[in-house]
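Participant: give the three-dimensional model of this entry:
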Amino acid sequence: MAPGQYRLFITLQVRSPGNPGYHFSLLLSPKIERKSERRSIRFHATNNITKTHRPDENGYVRWRYEKSAVDPHASQHLVTKILVAKLSSAKKSVTYWMERIDQVLERVPVVQRQDASRFNCNIWVR
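Facilitator: Below you'll find the predicted structure:
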């Protein structure tokens, strides 16, 4: 991604069927977004099941921090984006901002509790 202006958003996505409420995450995007390009980076806490993250013997899936390239226009679950910060610098790339944000977010605790009401993605974003 070319240097330029970037925006940091809080995003809300509709959860999968059977899971009420919204999923919260942070999204780093260029000021000018182009469709069909994975030019945005999503940062979030998740406990979704994947090939490498399976439920334990009690059915509990551990929370973890993730970041990944995404195309926000391709998401059918995105409800809204709330602007948090404008990151402007002609000499800074998305990699620069991603690394700085990642350094901070890696330090945010991802609490492991059997009682899911005590920790979720909303609490992590706050």
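Participant: list the buried ones in the worst-scoring helix or strand of the chain on mean pLDDT?
Facilitator: Ranking every helix and strand in the chain by mean pLDDT, DSSP states H and E puts helix 121-125 at the bottom, with a mean of 85. Counting neighbours by 16 or more other Cβ atoms under 10 Å, one finds that the buried residues in helix 121-125 are 121, 124-125. For glycine as for every other residue, the C-beta is placed from the backbone atoms N, C-alpha and C.
Participant: cool, stretch 75-82 as well?
Facilitator: Of all the residues in stretch 75-82, those buried under the rule 16+ other Cβ under 10 Å are 78, 81.
Participant: what does it contact?
Facilitator: With contact meaning Cβ atoms under 8 Å, 6 or more residues apart in numbering, stretch 75-82 is reached by 9-15, 22-23, 27, 72.
Participant: switch to 7 Å and redo it
Facilitator: 9-14, 22, 27, 72 (Cβ atoms under 7 Å, 6 or more residues apart in numbering).
Participant: same thing with stretch 106-115?
Facilitator: Contacts of stretch 106-115 (Cβ under 7 Å, 6+ apart): 45, 60, 62-65, 118-119, 124.
Participant: what residues sit buried inside it?
Facilitator: Under 16+ other Cβ under 10 Å, the buried positions of stretch 106-115 are residue 110.
Participant: cool, stretch 64-77 as well?
Facilitator: Buried residues in stretch 64-77, counted by 16+ other Cβ under 10 Å: 65, 67, 70, 72.
Participant: tell me the mean pLDDT for it?
Facilitator: Model confidence over stretch 64-77 averages 86 on the pLDDT scale.
Participant: how far is that stretch from where the chain is centred?
Facilitator: With Cα atoms, centre = their mean, to the nearest Å as the basis, stretch 64-77 stands 7 Å off its chain's centre.
Participant: between the two ends of that stretch, how far is it?
Facilitator: Across stretch 64-77, the terminal residues are separated by 21 Å (Cα to Cα, to the nearest Å).
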